[in-house]
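Trainee: how does the following fold in three dimensions:
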Amino acid sequence: MKFKIFILTLFVTASLISCKKLDSLVDNPNSVSPDLAIVDLLLNNAQLEMVSVFNVASDVGAELTRQQLMRGPLYINAYAPTYFDQMWTSAYTDVIKSVDKLLPIALTKKNYIQAGMAQILKAYVLGTMVDCFGDIPASEANLSEINLNPKADAGADVYHMALELLDSSLANFGKTGASAGPTNDLFYAGDKTKWRKLAKTLKFKFLMQERLVDNTVTQSITDLLTENDLIADEDIDFQFKYSTNLSIPNSRHPHYNANYNNAISGSNSAKDWIANYFMYAIVAEKSGGVVSSLDPRRRYYFYRQNNGSGLRQETCPCTTQNRPAHYGPNEPFCYVGSGYWGRDHGDSHETDPDNSLRSTWGVYPAAGAFDEGSNTSGFTAIDYNKGGKGAGIAPIWLSTFTFFLKAEAAEALGINVGGSAKALLEQGVRASMNKVIGFPNIVGVTVPSIYIPNTTAIQSYVDFVLQEYDSATTSNERLAIIMKEYYLAAWGNGIEPYNNYRRTGYPNNLQPVLTNPDPGFFIRSFIYPSVFVDRNINAPTQKNPGLEANKVFWDNHPDNFIK
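Mentor: Numbers count the residues shown, from 1 in each chain. From the prediction side, this is the model:
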């Protein structure tokens, strides 16, 4: 009997001890408490989820600016609130929350490099969320049970928070006595010099976004350009590198997965549509609508599965339709020349049997296949081992973008620091060419020598662009050329073209929405996600895309400014 009582007492005591140990996890058993958190792991989580935020924002921005297909058919029904749920969750639950957890620990441990990196990630996400959604929670975000219904802060206030974070990151990089840097930095291998350049470049980007609504930013922009410590070399490009790994985990480029990996089932079918307008702008616009090899990037950007045969109503509905009356003379319709096969803006036809015919992502930036198609030969269907097997990049910010943005500053603000607008335009074009043409070597794709553009081919394109610039008679015409070349160079990053289009109105000949009647106002900010408006009593009223412009704070143009 005494033995049984002893066993029972031991069991109850052990149970009570176990319960006390579990008490510390009662708030959230799936969340690591701050005192147990590992700075580097939280930092890596924030890095990965920041890329997730980028990917969604990039795709939508590219669709709205006619690089990828927006199905629509109208702006009012182009996107559902649930489409943005994952982007919102990645931003708040994974990036911002991870950064907020790691910062006090990192500073206590003198992990100043990690702290600075984390602040940059949070600043980028906050700024991008404002660019995409407008007013968003920031000051009351992620307060857990203290406030389950955070209010949305004004976009301008959140931008200023992002700029303050960037300044704080620079201060952390300058501190002495820092502990060891991160063991696994997914971008710059812990090089704080490169992270410092990124912080200053993002400041430049955000300040240029504000230039229409705050004339005081001109001096800050001038100071940054005078300091000359921005991302201006390809080896400092802020890009996320994918791998060829196919499973556990699949770490290939998302657009490789959506197209080449889609062929694993044996269907050899591309899922994405590239917008007809963008392919036209690369391969034919500068040559009067005729397919031309003037732009050396065309075989790198796009992979054609077909030479253009098989065009019929079932596979390409626009080929049997009349040109819409609301299209202007310089706005291409149903451009499918020489196998550059996509869809027009707002084409909402359901799945057509063109999966093995349509053009898809090429070797840059998704590490797909290089296009060797010539007339009737060289066209083959895609498969999941083709090209660079998905070891591409997410081009979040490239040195190319810096040159174009500096050219805009020179042309629009008269800030001639580091070169004239024309010289900076040329640098941007050349940087893009070098990046794209050199990319196959990086991802293990061999390009036949007959297809590698030589210096003469590159010079021909540069000369064409500069002649256009010289022929322009007004500053706005010159700015239009700068922004068009920025647009063409930004393939793989739809965020910057979307920002640029709303800020400058260029390119100004983007293809209209296919359907007529009027599709309504262009989407100047994304609709709010369902996880925000359906669960937060303090969330703003949901937007009405197409019926309202819904402009972000730095966009002061008229509601009908762009289409």
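Trainee: and the most centrally placed residue in the chain, what does it touch?
Mentor: With distances taken as C-alpha atoms, centre = their mean, the residue of the chain nearest its centroid is Ser58 (3.3 Å). With contact set as C-beta atoms under 8 Å, 6 or more residues apart in numbering, Ser58 has these partners: 394, 492-495. All C-beta spots, glycine's among them, are computed from the backbone N, C-alpha and C.
Trainee: helices - which of the residues you listed land there?
Mentor: Ile495 (DSSP state H).
Trainee: name the nearest of the contacts of Ser58 relative to Lys151.
Mentor: Ile495 (25.6 Å; C-beta to C-beta).
Trainee: can you get me a residue count around the closest one?
Mentor: By other C-beta atoms under 10 Å, the residues close to Ile495 number 24.
Trainee: do I have it right that it meets Gly61?
Mentor: Yes - with contact defined as C-beta atoms under 8 Å, Ile495 and Gly61 form a contacting pair (4.9 Å).
Trainee: identify the contacts common to the two.
Mentor: Cys132.
Trainee: distance of Ala156 from Asp223?
Mentor: 21 Å (C-beta to C-beta, to the nearest Å).
Trainee: scratch that, Asp371
Mentor: Using C-beta to C-beta, which is the criterion applied here, Asp371 is 44 Å from Asp223.
Trainee: so between those two, which is more surrounded?
Mentor: The neighbour comparison of Asp371 against Asp223 (other C-beta under 10 Å) goes to Asp371, with 25 against 12.
Trainee: can you tell me which residues contact that one?
Mentor: 298-300, 302-304, 362, 378.
Trainee: A strand includes it, no?
Mentor: No - under DSSP: H, G, I helix; E, B strand; the rest coil, Asp371 sits outside any strand and is assigned coil.
Trainee: spatially nearest residue to it (excluding sequence neighbours)?
Mentor: For Asp371, ignoring the flanking residues on the chain, the nearest one in space by C-beta to C-beta, 6 or more residues apart in numbering is Arg299 at 4.2 Å.
Trainee: show me the contacts for the one you found.
Mentor: 362, 370-372, 451.
Trainee: 10 Å instead?
Mentor: Counting by C-beta atoms under 10 Å, 6 or more residues apart in numbering, Arg299 touches 283, 293, 362-364, 369-373, 436-437, 447, 451-453.
Trainee: over to Asp157?
Mentor: Here Asp157 is in contact with 130, 135, 138-139, 553 (criterion: C-beta under 10 Å, 6+ apart).
Trainee: start to end distance for stretch 526-534?
Mentor: 16 Å (C-alpha to C-alpha, to the nearest Å).
Trainee: buried residues in it?
Mentor: Buried positions in stretch 526-534, judged by neighbour count with 16 or more other C-beta atoms under 10 Å: 526-532.
Trainee: quick one: buried ones out of the contacts of Asp157?
Mentor: 130, 135, 138, 553.
Trainee: which among those gets closest to Tyr188?
Mentor: Out of those, the member with the shortest distance to Tyr188 (by C-beta to C-beta) is Val130, at 24.8 Å.
Trainee: how about low-confidence regions in the stretch 151-300 of the chain?
Mentor: Where the stretch 151-300 of the chain drops to pLDDT under 70, the residues are 262-269.
Trainee: before we move on, what about the chain?
Mentor: Using pLDDT under 70, the flagged stretches of the chain are 1-37, 262-269, 351-352, 375-377, 517.
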